[in-house]
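**Student:** Got a predicted structure plus its sequence, pasted below:
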Amino acid sequence: MATYVQTIPVPRTHSFFASALRVLGSNVAVMALAFISSALIARKLGPEGQGTVTSLLVYPIIFTSMAEMGIRQATVYHTGKRHFADRDLVGAILTLLVISGLIGMVVCGVLITTLAPVRHAALLIALAVCYVPLKLIISYTSGYFLGKEH
């Protein structure tokens, strides 16, 4: 049961420009790390290995885009407006995270093992399936921290 909290105006501690610079800097850092990791994967695994990685991640990527369900945006809104106590909001987010993460891992594991034209090693399938909860953790928690302006 959600506990309603009176909305209290929060003074801004930093300017819009400073926030925009922080977001820009973090986006540039993420893009640089993605570029470096893709270059390393391409160099170390070669075309065949990179194709294997891509084919293993198809179902987890599709599932995570559906499982995000707009939770990040809703979390930012409700955290920023202080509609609910933080404890209740975090509890709801964690519950959704656990349920959608477990369902996603099972569904993606079944899809990869039954629909993949090539049989993959169990370790590779396990690593691909672990993508689901990790991506959901990033998405769900980023909404909370954006709402808190951290």
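**Tutor:** Good, I have the coordinates. Residues are numbered from 1 along each chain as shown.
**Student:** switch to C-alpha atoms for all contacts and neighbour counts from now on
**Tutor:** OK.
**Student:** Double-check that residue 117 belongs to a helix.
**Tutor:** No - checked against DSSP: H, G, I helix; E, B strand; the rest coil, residue 117 lies outside a helix; its state is coil.
**Student:** what's the distance between it and residue 111?
**Tutor:** Separation of residue 117 from residue 111 (CA to CA, to the nearest Å) stands at 11 Å.
**Student:** So which residues of the chain form helices?
**Tutor:** Using DSSP state H, the helices of the chain run over 16-67, 71-81, 86-115, 122-129, 131-148.
**Student:** Let me have the ones you listed in a markdown table, adding mean pLDDT and mean neighbour count as columns.
**Tutor:** Formatted as a markdown table, the helices of the chain follow (pLDDT from 0 to 100; neighbours: other CA atoms under 10 Å):
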| stretch | mean pLDDT | mean neighbour count |
| --- | --- | --- |
| helix 16-67 | 86 | 14 |
| helix 71-81 | 86 | 19 |
| helix 86-115 | 92 | 17 |
| helix 122-129 | 90 | 16 |
| helix 131-148 | 87 | 19 |
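**Student:** what sits against the closest residue to residue 56 other than its chain neighbours?
**Tutor:** Using CA to CA, 6 or more residues apart in numbering and skipping the chain neighbours, the partner closest in space to residue 56 is residue 128 (5.9 Å). By CA atoms under 8 Å, 6 or more residues apart in numbering, residue 128 lies in contact with 56-57, 60.
**Student:** Against residue 39, how distant is residue 47?
**Tutor:** Look at residue 47 and residue 39: by CA to CA, they are 12 Å apart.
**Student:** cool, residue 24 as well?
**Tutor:** Using CA to CA, we find residue 24 at a distance of 22 Å from residue 39.
**Student:** try residue 95
**Tutor:** 36 Å.
**Student:** what's the answer for residue 60, then?
**Tutor:** For residue 60, the distance to residue 39 - CA to CA - is 21 Å.
**Student:** Same check on residue 96?
**Tutor:** Remark: distance between residue 96 and residue 39 (CA to CA) = 34 Å.
**Student:** Equivalent analysis for residue 87, please.
**Tutor:** With distances taken as CA to CA, residue 87 is found 41 Å from residue 39.
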